[in-house]
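[1] what follows is a predicted protein model with its sequence.
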Amino acid sequence: MKPPCHPAEIDSELTESRLNELARHMLDVFSLAIEQTKHPLDDAYTQGSRCWAWLRNSLLQEGESRFPWLRIVHHGNDIQFSIGNSVFRFFCDDPERPRKHYATALTDAESLTTNLLLFDEESLSQTTGLWRFFIRKAMNDEDEHSLYCINYQLGSKVINAKWQFNASVNTFVSTTADIPEAAKLPEHELGPRTNVAEAGEDDGTVEDNNGSV
């Protein structure tokens, strides 16, 4: 079985920049919802409900205006949005071991929406699989929330494409960019080196790690 590919290999509209832009927004909303749900009376259910509701409402209220390449195709509780030819749902779940049934299955509304978007066999061949965004909550305070874009084979949990947001990735800099000139260091006068061993001295240095340090 070949490893999962990048989503753009299935749908060219799912570019790295678009995935990163949407992922940052969704994680910001998710993190804020977590912070707002830390009352002593809150529990996993109230926290999960708020996170899901805030994500859904943020997409409904500003998804299309914030992201011109995103379109809301179903406004119900099982909100669906499209990027290019691909229709997505999002889940607050673990993509490796999803607990929610419809994380890897089509709802009736999703089946209808998907069929409406596919006009011929060529479009169908380009949009195979089930597209999902997963937001996985951090395991502890030292961990970070994570977001994945996944394409599953229809009717199974086999992954065709997988992408994970990486907050530590910096803006790409072309190798053809101008390289600054090296700083000029002041000249030093060089004299003969004293041979410590011949002088009968020992600096006490112990060579460790097979000489690598």
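    Yep, it's here.

[2] where in the protein is pLDDT low?
    113-127, 168-213 (pLDDT under 70).

[3] biggest helix in it by residues?
    helix 44-66 (DSSP state H).

[4] and that one, what does it pack against?
    Packed against helix 44-66, as judged by 3 or more CB pairs under 8 Å, 6 or more residues apart in numbering; DSSP states H and E, are the following elements: helix 16-35, strand 70-74. (Glycine included, C-beta is placed from N, CA and C.)

[5] for F90, which of those is the nearest?
    helix 16-35 (7.2 Å; CB to CB).

[6] strands along the chain, start to end?
    In the chain, the strands defined using DSSP state E lie at 70-74, 80-83, 86-91, 130-136, 146-152, 159-164.

[7] tell me who's in contact with G48.
    Each residue near G48 by CB atoms under 8 Å, 6 or more residues apart in numbering is listed here: C92.

[8] and it, how far from K157?
    For G48, the distance to K157 equals 21 Å [CB to CB, to the nearest Å].

[9] repeat for P7
    Distance from P7 to K157, by CB to CB: 17 Å.

[10] export the strands of the chain to CSV and tack on distance to A23?
    What follows is the strands of the chain, written out as CSV (distance: least, CB to CB, whole Å):
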stretch, distance to A23
strand 70-74, 12
strand 80-83, 12
strand 86-91, 11
strand 130-136, 8
strand 146-152, 5
strand 159-164, 9
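
[11] before we move on, back to that, could you check the angle strand 70-74 makes with the longest helix of the chain?
    For helix 44-66 against strand 70-74, the angle by axes from the mean of the first three to the mean of the last three CA atoms, to 10 degrees is 120 degrees.

[12] picking up where we left off before, out of the strands of the chain, nearest to L41?
    Closest to L41 of the strands of the chain is strand 130-136 (CB to CB; 23.6 Å).

[13] tell me how far the closest one lies from the chain's centre.
    Remark: strand 130-136 is offset 10 Å from the chain centroid, using CA atoms, centre = their mean, to the nearest Å.

[14] the nearest residue to G155 once chain neighbours are set aside: neighbour count?
    Of all residues not flanking G155 in the chain, A105 sits nearest, at 7.8 Å (CB to CB, 6 or more residues apart in numbering). Using other CB atoms under 10 Å, A105 has 16 neighbouring residues.

[15] so which of the helices and strands packed on helix 44-66 gets nearest A138?
    helix 16-35 (8.5 Å).

[16] would you indicate which residues of that closest one are buried?
    Using 16 or more other CB atoms under 10 Å as the test for burial, helix 16-35 gives 18-20, 22-23, 25-27, 29-31, 33-34.

[17] ditto for stretch 37-56
    Buried residues in stretch 37-56, counted by 16+ other CB under 10 Å: T37, Q47, G48, R50, C51, W52, W54, L55, R56.
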